[in-house]
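Undergrad: Sequence and predicted structure, then a few things I'm wondering about:
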Amino acid sequence: MSSRGVLGVLLTGTIGAGKSSLAVELGELLARRHLPAAIVDLDWLGWFEPPAESGLTVDELIATNLEAVWPNFRDAGAHFVVLTRAIRSAEQVARYRRALEGVPLRIVRVTASPETIETRLRARDQGATLAEHLDESVEFARTLDALAVEDFRISTDGRAPEAAALELLHRLEWG
């Protein structure tokens with residue numbers, strides 16, 4: 001089976017914006033509609049610090065791993081692919097597109113207010129990790145503002161993940 005007819009979305013946003021929760025909920029909505037979807041949190045494909053001598057970056061490792069697993073999802077019948085990752089460069093997006101072998105990939109920036117993000121991070125993180133994630137959330141937001149690679153934005157502020165996922169499904173025109 002070719003990638004023709006398969007549709008993809010990359011949910012990006014800063015730490016704590018709700019990318020993963022939105023991806024899970026979108027996957028559930030698609031499953032309830034009998035629309036096979038692969039949901040891939042790209043962070044998990046690169047949870048590894050390559051040795052310096054390898055010359056490999058985490059971003060390249062993620063793209064290489066995506067390239068390796070995507071054919072399995074496609075061949076198993078996935079009609080949709082939902083990716084999540086806080087992106088830092090247009091090259092990352094280009095590399096993910098290449099890894100998906102021509103699947104049209106829409107970029108959606110998931111947003112939330114700084115207050116919402118801080119509340120979410122404080123609920124899940126602590127200590128040095130919390131401090132790091134609070135700092136990174138501001139840095140990633142600035143980077144994404146400068147990149148402006150998204151097709152559109154969706155807010156998760158004050159909403160249940162299902163409501164945001166329904167809006168996303170509608171805006172993507174995925175059924």
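TA: Perfect, thanks for sending it. Numbering: from 1, shown residues only.
Undergrad: Pull up the gap between Gly8 and His34, please.
TA: Counting by C-beta to C-beta, to the nearest Å, the separation of Gly8 from His34 is 19 Å. Placement of C-beta: from N, CA and C, glycine included.
Undergrad: With neighbour numbers in mind, choose between these two.
TA: Neighbours were counted for Gly8 and for His34 using other C-beta atoms under 10 Å; Gly8 has more, 23 against 8.
Undergrad: Sticking with that one, tell me its helix or strand.
TA: strand 7-12 (DSSP states H and E).
Undergrad: Pairing partners for that strand, with directions?
TA: Paired strands of strand 7-12, with direction, are strand 80-84 (parallel), strand 105-111 (parallel) (DSSP bridges).
Undergrad: moving C-terminal of the last one, what's the next helix or strand?
TA: Using DSSP H and E, the helix or strand that follows strand 105-111 towards the C-terminus is helix 114-124.
Undergrad: on that earlier part again, let me have the strands paired with strand 7-12 in JSON lines, extended by mean pLDDT and mean neighbour count.
TA: Formatted as JSON lines, the strands paired with strand 7-12 follow (pLDDT from 0 to 100; neighbours: other C-beta atoms under 10 Å):
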{"stretch": "strand 80-84", "mean pLDDT": "98", "mean neighbour count": "24"}
{"stretch": "strand 105-111", "mean pLDDT": "97", "mean neighbour count": "21"}
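Undergrad: got the ones you listed as JSON lines, with distance to Glu91 columns?
TA: Shown next, in JSON lines, are the strands paired with strand 7-12 (distance: least, C-beta to C-beta, whole Å):
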{"stretch": "strand 80-84", "distance to Glu91": "16"}
{"stretch": "strand 105-111", "distance to Glu91": "13"}
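Undergrad: I'd like to know which of those strands is closest to Trp70.
TA: strand 80-84 (7.1 Å; C-beta to C-beta).
Undergrad: ok, and for stretch 38-52, which residues are buried?
TA: Buried positions in stretch 38-52, judged by neighbour count with 16 or more other C-beta atoms under 10 Å: Ala38, Ile39, Val40, Asp41, Leu42, Leu45, Gly46.
Undergrad: which residues touch the fourth one?
TA: Pointing back at Asp41 there. Going by C-beta atoms under 8 Å, 6 or more residues apart in numbering, Asp41 touches Ser20, Ala23, Leu83, Thr84, Arg85.
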